[in-house]
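> Fold the stuff below for me.
(one chain, ligands or ions: 1)
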Amino acid sequence: MKIAVLPGDGIGTEIVAEAIKVLNTLDLKFEMETALVGGAAYEAYGHPLPEATLKLAKEADAVLFGAVGDWKFDQLDRHLRPEQAILGLRKNLGLFANFRPAICYPQLVGASSLKPELIAGLDILIIRELTGDIYFGQPRGRRVASDGNFPGTEEAFDTMRYAHPEIERIAHVAFQAARKRAKRVTSVDKANVLETSQFWRDIVIEVSQQYTDVTLDHMYVDNAAMQLVRAPKKFDVVVTGNLFGDILSDEASMLTGSIGMLPSASLNATNQGLYEPSHGSAPDIAGKGIANPLATILSAAMMLRFSLKQEVAAERIEVAVKTVLTQGYRTADIFSEGTHQVGTVAMGDAVVAVLKAQS
Ligand code: NAD
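Numbering: from 1, shown residues only. As a prediction, the model looks like this:
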């Protein structure tokens, strides 16, 4: 079980250290190697994703990633910015399926901006296609318009594009994930307006015929954005394209009220994956020892489940996280009256203590 550890910038190093501590508590043998990525790699080697880091990631079974980015890199050319490292890893590893679970822990029900009854027991999974759509479609650029509303003026354009196999494979991922859950898939598109979306819908229906035990419905993205805050528990698995998924997965993550709690996984066709918290590098709190490490620890659990096939160990970590919440441990982002506020390291220690007590 070879893991490439890429802590990155800001709180990345602090939270990844806690996840590693947790992994090392399990009775499993890992081969872990650490490398620089993002702004830290740019400062050391002049590139956010150096060749050696990419090689390490490619050769590993899984990548445990912290976060990248800092305001001090905002002036760099786009291709040298820390965030480009994530796009480079996705592209080079062929990571096309992004899993973003949004789970509301009963202990944190008060942290959401929605009413408790709307989110108590919430457990949804957003699956976002990651390598196609308007983010990568060609042609793109700027030109002087020859038609449209303002011919003769400068315009910018991007191309929304999906290939048949791209939609097919993400649909299979969604139906297979639903089989392990409540067996419901909601496919989100904008088929009333976009040809790409109609194509998406046709193919998802085609694939669904191989999964007759799973219920499929379709929803326009504007309605899905509304339903996610109106009645989020109606969803089980949501599958959608890159652009809509980008927005909806962030919306869904905030339902739980705590960005510091939400893990994510990005997988390729051979289940090699990149695992990272849903949040960024939080430069505002970096170095203060107060970041919540639980999203990264839960990402490590997803890594054990999906790429390393260690379901029992994954569940042990998830149970341990629930237990520390029940015991009242809270980092500042999820703190409420009557609970016990701790820093990053103490939260990691609390998870380790529960794991040790389990065995
Ligand atoms: P952010 O997610 O880093 O922070 C948003 C807010 O949430 C901040 O107030 C931060 O303190 C808080 N927060 C985030 N994670 C937390 C944690 N674990 N514990 C407690 N509080 C936490 O988003 P941002 O401020 O918009 O971006 C900061 C930098 O991160 C930018 O450079 C951005 O490009 C980058 N970013 C990177 C990724 C990634 O690496 N995948 C994702 C998003 C943003």
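
> Please make it C-alpha for all contacts and neighbour counts, starting now.
OK.

> Would you mind measuring from residue 212 to the ligand?
36 Å (C-alpha to the nearest ligand atom, to the nearest Å).

> For the chain, just list every one of the helices.
12-25, 39-45, 51-59, 84-93, 116-119, 164-179, 195-208, 221-230, 242-255, 294-306, 311-326, 344-358 (DSSP state H).

> Just give me how far stretch 138-157 sits from the chain centre.
34 Å (C-alpha atoms, centre = their mean, to the nearest Å).

> Straight-line length of that stretch, end to end?
End-to-end distance for stretch 138-157: 10 Å, by C-alpha to C-alpha, to the nearest Å.

> before we move on, what about stretch 87-103?
The first and last residues of stretch 87-103 sit 26 Å apart, counting by C-alpha to C-alpha.

> Packed most tightly, which of the helices of the chain would that be?
helix 294-306 (a mean of 26; mean count of other C-alpha atoms under 10 Å).

> so residue 100 makes contact with residue 263?
Yes. Counting by C-alpha atoms under 8 Å, residue 100 touches residue 263, with 6.7 Å between them.

> Quickly list what's touching both of those two.
Common contact partners of residue 100 and residue 263 (C-alpha atoms under 8 Å, 6 or more residues apart in numbering): residue 278.

> Quick one, grab the pLDDT at residue 108.
Note for residue 108: predicted pLDDT of 89.

> Report the separation between the nearest residue to it once chain neighbours are set aside and residue 328.
Once flanking residues are discounted, residue 108 sits nearest to residue 334: 7.3 Å by C-alpha to C-alpha, 6 or more residues apart in numbering. Residue 334 sits 11 Å away from residue 328, going by C-alpha to C-alpha.

> So which of those two has more stuff around it?
residue 334 (21 against 15; other C-alpha atoms under 10 Å).

> quick one: the more buried one and residue 256 touch, right?
No. In this structure residue 334 lies outside contact range of residue 256 using C-alpha under 8 Å: 10.5 Å.

> Going by neighbour count, list what's buried in stretch 62-81.
In terms of neighbour count (16 or more other C-alpha atoms under 10 Å), stretch 62-81 has its buried residues at 62-70, 73, 80-81.

> Redo these as JSON lines? Include distance to residue 201.
JSON lines is the format used below for these (distance: C-alpha to C-alpha, whole Å):
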{"residue": "62", "distance to residue 201": "31"}
{"residue": "63", "distance to residue 201": "32"}
{"residue": "64", "distance to residue 201": "33"}
{"residue": "65", "distance to residue 201": "33"}
{"residue": "66", "distance to residue 201": "34"}
{"residue": "67", "distance to residue 201": "34"}
{"residue": "68", "distance to residue 201": "34"}
{"residue": "69", "distance to residue 201": "36"}
{"residue": "70", "distance to residue 201": "39"}
{"residue": "73", "distance to residue 201": "40"}
{"residue": "80", "distance to residue 201": "37"}
{"residue": "81", "distance to residue 201": "35"}
